[in-house]
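> Just to be clear, the model below is a prediction. Sequence and coordinates:
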Amino acid sequence: QRPECILAEPDGTLWSADARGGVVRISPDGSQQIVTQSFDKSFTVAADDASRFTEGTLPNGLAFAQNGDILISNFGTDVLEVMARDGQTRLLYDAIDGQPIGKVNFVLRDSRNRIWLTVSTRIKNWMQAVSPNISDGYIALADEKGLRIVADGFKFTNEIRLDAREEYLYIVETCGQCITRMRVGPDGSLTHREIYGPSKL
């Protein structure tokens, strides 16, 4: 249900986010197994979209942790979690600078084992933030110094990717209708913000 993100392993195994509260393991032969902390039906039984997308768990972006666990940016509960492959889940982050973290959308781990996190908006009901006039999305970085904001002012920050050398970060701004590119400093700082490609997609 709602397979927002997919991870692939060398043997052909796929892991997909699932609105029921975890991930689905898809074996190379096509068989599926849902792995959840606790099975959640709130997505399918919700009375309206506002409830469906803002109440209960809603796994969104996924990344492999260094040990093979799965990092989950939970778009429903506004937290970053890590789930072992047996479903055991623990909280990594739910706040930044003493404030609720916001709508955690996507998570990415780089070659230095740093965790990059996108937050689409600080507005609880994120559907109210789907507007080109709201620029409250940000990117956070978790490393040995903890979790901190490294770039702010995005129009609904969505997925991010690093280039092969990890010199640039590419940022989807859904409500900005563009891809933004920023240079990555050795300390994880982001500078030289520019639109990459068409100014409106």
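Yep, that arrived.
> so which strand or helix has the residue nearest the centre of the chain?
Most central in the chain under C-alpha atoms, centre = their mean is residue 106, positioned 1.3 Å from the mean C-alpha point. Assignment of secondary structure by DSSP states H and E places residue 106 within strand 104-109.
> next structured bit after that strand?
With elements assigned by DSSP H and E, the helix or strand that comes after strand 104-109 is strand 115-119.
> From the contact counts, what lies against that following strand?
strand 70-74, strand 104-109, strand 137-143, strand 157-162 (3 or more C-beta pairs under 8 Å, 6 or more residues apart in numbering; DSSP states H and E). Backbone N, C-alpha and C define where each C-beta goes, glycine included.
> now, of those strands, which is deepest in the fold?
Among the helices and strands packed on strand 115-119, ranked by average contacts under mean count of other C-beta atoms under 10 Å, first place goes to strand 70-74 (a mean of 26).
> Give me the residues contacting that one.
For strand 70-74, the surrounding residues in contact (C-beta atoms under 8 Å, 6 or more residues apart in numbering) are 7, 15, 17, 22-23, 57-65, 80-83, 85, 89, 92, 104-107, 109, 115, 117-118.
> Run the chain-centre distance for the longest strand belonging to the chain.
Determined from DSSP state E, the single longest strand within the chain is strand 146-154. If you compare the mean C-alpha spot of strand 146-154 with that of the full chain, they lie 14 Å apart, counting by C-alpha atoms, centre = their mean, to the nearest Å.
> hang on, the earlier thing: can you tell me the closest non-neighbouring residue to the residue nearest to the centre of the chain?
residue 61 (3.4 Å; C-beta to C-beta, 6 or more residues apart in numbering).
> give me the number of residues near the one you found?
Using other C-beta atoms under 10 Å as the criterion, residue 61 is surrounded by 23 other residues.
> Remind me which helix or strand it belongs to.
Assigned by DSSP H and E, residue 61 falls in strand 59-64.
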